[in-house]
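**Student:** Any chance you could fold what I've pasted below:
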Amino acid sequence: MATIPPGTRQRCTLCKVEIQGMAGGNDLVHFSQGAPGTRAKLWARVCQFLRTPEQCGQCLNQDLSQRGEVSANDYYAEAPVLELPSSPGANPLG
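**Tutor:** Alright, predicted model coming up:
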């Protein structure tokens, strides 16, 4: 995929995120929810799951040189364990 010129945006036809070209190549990814992120975060959360050559050919984020290094923080975190209080009078032994 060609680089996105600084100051312009392109929308991915597959996942519908917008990637904004930035000077220096550190493009911003505008997700539908939450703060903008990096191409690495987009890869960790979405693009790595593409399966067919057709899908990969449509994806704006397949070029490793534009994506950069993916860190552990780029993936979705595990859901926290919630400890809920038992209801009054509940028998803990069943």
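**Student:** alpha carbons only for contacts and neighbour counts from here, please
**Tutor:** Will do.
**Student:** quick one, strands of the protein?
**Tutor:** Remark: strands assigned in the chain by DSSP state E are 9-11, 18-20, 28-30.
**Student:** Please tell me I have it right and residue 26 contacts residue 40.
**Tutor:** No. Taking C-alpha atoms under 8 Å as the definition, residue 26 is not a contact partner of residue 40, at 10.2 Å.
**Student:** For the chain, give me the ranges with low pLDDT.
**Tutor:** By pLDDT under 70, the weakly predicted segments of the chain are 1-2, 89-94.
**Student:** got the residue ranges for the helices in it?
**Tutor:** Taking DSSP state H, the helices of the chain run over residues 39-45, 53-58, 64-67.
**Student:** Just put the strands of the chain in a markdown table and tack on distance to residue 49 and mean neighbour count.
**Tutor:** Formatted as a markdown table, the strands of the chain follow (distance: least, C-alpha to C-alpha, whole Å; neighbours: other C-alpha atoms under 10 Å):
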| stretch | distance to residue 49 | mean neighbour count |
| --- | --- | --- |
| strand 9-11 | 18 | 16 |
| strand 18-20 | 18 | 21 |
| strand 28-30 | 17 | 20 |
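**Student:** That concludes my questions; thank you for your assistance.
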